[in-house]
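Asks: Here's a sequence, model it:
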Amino acid sequence: MANYVLEILDGDRAGDVLPVSDRALRIGRKPGNDLVIADEKTSGVHAEVVVEGDRHVLRDLGSTNGTFLDDKRVTEIVLTPGDIVTVGRVRLKFRDAAAPAASADGDLAVRRLDAGRLQRRGGSTAVLGVVLVAVLGGAGWFWWQSQPNAADNGAAPAKQAPLVVTGNRLAAPVAGCEDESGWNLRAGGGGFQPAGTTHSGRGAFEALRGQADDAADFALATLQEALPVFGGRTMTIAAHLTTSGGGLAGLRAVCFANGDASPFRFRTGTPIVAHDGWQRVEVVVAVPAGCDRLQLEVVAVLPAADAAAAVDDVAVVEGGAATAVEQKLTESSQTLQATGAALAVRSVDADNPATLLDVLPLTTPPAFAGLQRAGLVALSDLGAKVSATAGERSFRIQVEGTADVQLVFPADAAGGLMVDAGGAGFVAAAAETQFTAAALLLGDRATRALLRFDAATACAGQVGGGRFRLGVQAAAFELVLGFRGERQQAAELVRQAQQLVAGREPGRALERLRELVRTVPMDTEVLAQAQALRTQVLAAQSAELQQLQVDLDEAAFFDTRGGFARVVRGLDDVVARYGEANLEDAAAVAALRERAVARLRTIDAAAVAAEAQRLRDLSQAFADQNQPGLAKVVMTYVEQHLAPK
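Replies: Down below sits the predicted model:
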């Protein structure tokens, strides 16, 4: 039996080989394995290679993320020299120990994958026979790059064999668009369909608008399964496109994580434009950290009834000139990630990892209306670019190529929305409204963010689909995420308010809390403390007023002047301690006081009238006793002091 090895193709250990003997060879992340792969996508004990007779069998051991051969997930296969399998994020090549290393340039090989190799041991046949053209030598890529097209010579090239690109991650039938295998041609809009007009080979995919008035005005095609990739690597995606009848087309790459834990999807690509004759387009994308999947999107915009777009000869290869952006703030430790025209901000909260999910165009050409309604438009579609500069506690974000943008946040970010229209301070605002803001706050705790514009800017919010979409009539803004100074200032205002409450000065306490909300409501935990204290103070105010209402009712029942007087004094004390501006319902307090005062007036008027009558009777008695001087003195007093006014 020949001697075989497993050669590591990726990572720091690329080029290392491990002999394959007649005993089982275990592969996994745990130290006890024969081949240890330090990758979080690799299971503890991921797979094994065992000898069965004269065959070497690779068996997946129930791994979480799967084992792949030629981008197809497998559970048990018979290895053939030259096979490259992917375990987690690492590729391993099974080869003869005497064969050249995988890194040798110019290696020309054509391999056939027997469908019988993809069947389970002892199970039924699962035929997946395909013909893979692996390498055509260094000249293949140069030939691909320099192929003529209609834009160069004015006519479509003659039919030829399907274009083959060295290092293409797509299997030959998928890359050549010969049939629908490996593709989801109807991923959005009207979709694509197989067509006979091709750039090379015998097939391509075409999107047509159709004659119906309600025909979809866009189409989207994707791969059936996203490609596994490594964060930090650069990928080049290329295809040949052609359009007619006013149709437009573009190519996009979407980087994301395989799983529900990460909500980020970085969508970037070529501008969606007309292509007169077959033209090669490409997008180079640096895979952001945390992403391990790449999806390819072919987009067609079909504004007119006879609009059409077609795609052929698709390639995904590793390499290219692009760099992923990753900037971390010193104060808040939040991280901005960007690649191409896609940008997002990660929080430090594992349960709520997203602060900003995406930056999208707000206003698009009329032809893009359907694509935008479907939530599938991207900055790159317009040829727009996004850049960011990190400070100590904020990112300065600038979009070029569009005058307004839509910022996409998690839906719960809308719950803490506060707006400063410019100088008046922050006030709470409803999420689904239109407003003008020089600055606005949204999010909660680790996702709390302050958007600051260069001038007062028109904004409009919309909540739906688990997202809060904020349209802003600006293309530049500062995203502030660190609030150390504001947190300290707000905490001091809360401390002062607590002391004033303890000193029976609730009105001044409420003024401190109002100042906090108006000027420094950035930290939601301190803001919650302030709101709780304000609720406590207002509850005490409400309790005092309710008791005074009870006192007034009792005074009315007994109809004693002292009872009404106590109510008036109590109400005056409440107003003095809280301040009229801090009364929950100043009109109700005034009405309550007026009721007590009115009854006091009535009681006092009756007492004065009785006293006046008594003195008149006394004056008359003096007169009857022939003492006119005394009678006059008494009447003068009545007229000066007791007569109704």
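Asks: Convert the C-alpha atoms of the longest strand anywhere in the chain to CSV, please.
Replies: Ranked by residue count, the top strand of the chain under DSSP state E comes out as strand 449-464. This file holds the C-alpha atoms of strand 449-464, laid out as CSV (Å, rounded to 0.1, in the frame of the first residue of the first chain):
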residue,chain,number,x,y,z
ALA,A,449,-25.6,55.7,20.9
LEU,A,450,-25.6,59.5,20.3
LEU,A,451,-26.0,60.6,16.7
ARG,A,452,-24.7,64.1,16.2
PHE,A,453,-25.2,66.0,12.9
ASP,A,454,-23.3,69.0,11.6
ALA,A,455,-26.6,70.9,11.5
ALA,A,456,-30.3,70.3,12.4
THR,A,457,-31.3,67.5,10.1
ALA,A,458,-34.7,66.1,9.0
CYS,A,459,-35.2,62.5,10.2
ALA,A,460,-37.9,59.8,10.0
GLY,A,461,-38.1,56.6,11.9
GLN,A,462,-39.7,53.2,11.0
VAL,A,463,-39.9,50.0,13.0
GLY,A,464,-40.5,46.6,11.4
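Asks: What angle do strand 449-464 and the following helix or strand past that strand make with each other?
Replies: For strand 449-464, the succeeding helix or strand toward the C-terminus, using DSSP states H and E, is strand 467-472. Orientation of strand 467-472 against strand 449-464 (axes from the mean of the first three to the mean of the last three Cα atoms, to 10 degrees) gives an angle of 120 degrees.
Asks: List the contacts of S387.
Replies: S387 makes contact with A338, I397, Q398, E400 under the criterion Cβ atoms under 8 Å, 6 or more residues apart in numbering. All C-beta spots, glycine's among them, are computed from the backbone N, C-alpha and C.
Asks: And the spatially most central residue of the chain, how close does it get to A424?
Replies: When the chain is reduced to its mean C-alpha position, the nearest residue by Cα atoms, centre = their mean turns out to be L357, at 2.5 Å. Distance of L357 to A424, computed by Cβ to Cβ, to the nearest Å: 30 Å.
Asks: Under the pLDDT cut-off, which ranges of this structure? List them.
Replies: Applying pLDDT under 70 to the chain flags the ranges 1, 102-160, 645.
Asks: where do the helices sit along the stretch 101-250 of the chain?
Replies: Using DSSP state H, counting those that start in this stretch, the helices of the stretch 101-250 of the chain run over 138-145, 150-153, 172-175.
Asks: Relative to the longest strand of the chain, what are the paired strands and their orientations?
Replies: According to DSSP bridges, strand 449-464 has the following sheet partners: strand 434-442 (antiparallel), strand 467-472 (antiparallel), strand 476-480 (antiparallel).
Asks: ok, back up a step: quick one, what contacts the nearest residue to the residue nearest to the centre of the chain once chain neighbours are set aside?
Replies: Nearest non-adjacent residue to L357, counting by Cβ to Cβ, 6 or more residues apart in numbering: V408, 4.4 Å away. V408 makes contact with L356, L357, D358, V359, L360, R467, F468, R469, L470 under the criterion Cβ under 8 Å, 6+ apart.
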